[in-house]
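>>> Kindly return the folded structure for what I paste below:
(one chain, ligands or ions: 1)
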Amino acid sequence: MTSHFPIAIIGGGLGGLTLARVLHVNGINAAVFEAEPSAEARTQGGMLDIHEDSGQIAVRAAGLYDEFRELIHAGGQAIRIVDSQGVVHFSEQDDGSGGRPEVDRGQLRDLLLRSLPDSTVQWGRKVTGVRALGDGRHEVAFVDGAVITTDLLVGADGAWSRVRPLLSPAVPEYTGISFVETDLLDAGTRHPACAAMVGEGFFISVGDHKGFLAHRESDGSLHTYTALKVDENWLDGIDFADPAAAKQVVLAQFEGWHGTLRALVADADGAIVPRRIHALPVGHRWDRVPGVTLLGDAAHLMSPFAGEGANLAMLDGAELGLAIVNHPADKALDVYEQELFPRSETSAAASAASLSMMFGDDGLCGLLDQFGADTL
Ligand SMILES: Cc1cc2nc3c(=O)[nH]c(=O)nc-3n(C[C@H](O)[C@H](O)[C@H](O)COP(=O)(O)OP(=O)(O)OC[C@H]3O[C@@H](n4cnc5c(N)ncnc54)[C@H](O)[C@@H]3O)c2cc1C
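Reported below is the predicted structural model:
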């Protein structure tokens with residue numbers, strides 16, 4: 001027999017979980033169908049700065065603000081910008097008064113998961129297909145052959161959303177930037193020069209259409225995104241199963257850069273992870289379709305260069321939740337989408353502009369200018 005769920009959220013990332021939580025605190029049950037087999041299946045990684053005007057609004061709507069404050073990584077709002085020779089051109093300490101505190105993404109996701117009844121998230125439920133049944137209802141098919149129906153289908157299933165085709169033919173496109181991610185564990189003790197260079201928070205070194213973006217993580221490690229403006233297939237030529245060889249290929253792009261910057265890759269511990277950066281078109285939107293909507297990356301995947309994606313996913317989740325609480329079903333989606341489209345267009349445009357500036361001909365000057373620092 002096909003099970004029916006009044007509200008089915010596809011994807012248990014930060015956006016989908018925030019929606020489920022906001023509905024839960026307002027007495028509405030929803031089911032979250034998540035492809036990963038369990039909460040522990042994948043390390044979530046990475047620090048996120050949670051903005052006062054987006055992510056924090058969502059955290060408050062979820063009734064989790066006090067618990068969120070306990071997750072804040074003290075010192076994490078520090079920012080340092082250096083050139084390719086390691087010379088510092090901008091540095092700001094975290095005095096605790098900024099509006100963008102840093103938290104560990106995995107800890108934030110755990111907080112949301114713990115705040116939901118155990119049965120809310122159904123793990124290992126990878127969606128393979130969706131179809132409209134008419135009158136606003138939808139059918140969702142899973143990889144194991146199971147099928148459910150729902151009155152309200154929410155695609156919170158990220159960049160490669162299976163729900164999006166119900167609303168829009170858009171697919172993410174490669175932005176021209178590829179990342180190689182590395183970690184230096186226990187950096188203060190084992191990699192003191194890198195730790196001293198990066199500082200306590202966020203660190204950027206850009207120039208010549210490439211650069212290093214690093215964070216001090218709450219466990220004392222340094223996580224680095226080495227960013228390169230390269231063809232979409234450039235990463236395919238690297239054997240990531242052989243970290244030493246992969247490091248050499250990446251470092252060949254940084255000849256002449258300061259040794260401590262190169263050490264972010266050269267001395268990395270563990271796996272080296274490739275990642276292509278994709279985005280949906282700026283201003284992506286769709287005509288209203290009864291009974292289905294999108295949130296987060298499924299709706300407005302953008303490059304990470306404005307630091308907005310996770311914040312917006314959570315705000316979308318909170319706003320959709322409140323719209324469902326306060327309005328009848330189809331009016332709720334109207335209300336939600338009317339705010340969603342202009343908000344995400346503004347952020348997507350900012351992310352795209354930031355990418356062009358950082359990896360353009362004079363990325364360092366552009367970045368310093370953006371931070372109000374003296375340019376070179
Ligand atoms: C390198 C990098 C750095 C970033 N840094 C920042 C930052 O500093 N600040 C910031 O705000 N944002 C940042 N972002 C963006 C941020 O990670 C995303 O915008 C955010 O995770 C989107 O949340 P989401 O819930 O929409 O999607 P996701 O986090 O992608 O969650 C989607 C969920 O859906 C599940 N799923 C996918 N397909 C299916 C399926 N078929 N069936 C069932 N479940 C499925 C996935 O397993 C996943 O759990 C960064 C992104 C990248 C790539």
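>>> where does the stretch 201-350 of the chain come near the ligand, residue by residue?
Applying C-beta under 6 Å from any ligand atom, we find that the stretch 201-350 of the chain lies next to the ligand at Y225, R275, G296, D297, A298, P304, G307, E308, G309, A310, N311, A313. To be clear about C-beta, it is placed using only N, CA and C from the backbone, and glycine gets the same treatment.
>>> who are the neighbours in contact with the fourth one?
By C-beta atoms under 8 Å, 6 or more residues apart in numbering, the contact list for D297 reads G13, G15, G158, A159, S161, G309, A313.
>>> rewinding a little: in strands, which of the residues of the stretch 201-350 of the chain next to the ligand fall?
Using DSSP state E, the subset of these located in strands is Y225, R275.
>>> I'd like to know which of the residues of the stretch 201-350 of the chain next to the ligand is nearest to R262.
Y225 (14.9 Å; C-beta to C-beta).
>>> State the distance from that closest one to F240.
Distance, Y225 to F240, by C-beta to C-beta, to the nearest Å: 15 Å.
>>> about what we covered before: can you pick the most crowded of the contacts of D297?
Within these, most neighbours by other C-beta atoms under 10 Å means G15, with 32 neighbours.
>>> for that residue, helix, strand, or coil?
Under the three-state scheme (DSSP: H, G, I helix; E, B strand; the rest coil), G15 adopts helix.
>>> right, and it touches D316 too?
Yes. At 5.7 Å, G15 and D316 qualify as touching, with contact defined as C-beta atoms under 8 Å.
>>> Which positions within stretch 35-55 qualify as buried?
A35, E36, A39, M47, L48, D49, I50, H51, S54, G55 (16 or more other C-beta atoms under 10 Å).
>>> Surely the last one and M314 touch.
Right, G55. Yes. The pair G55 and M314 qualifies as a contact (C-beta under 8 Å) at a distance of 5.0 Å.
>>> tell me the domain ranges of the protein?
As given by automatic domain parsing, the domain ranges for the chain are 2-46+104-171+281-357, 173-279.
>>> and the ones you listed as TSV, adding mean pLDDT?
Formatted as TSV, the domains of the chain follow (pLDDT from 0 to 100):
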stretch	mean pLDDT
domain 2-46+104-171+281-357	96
domain 173-279	96
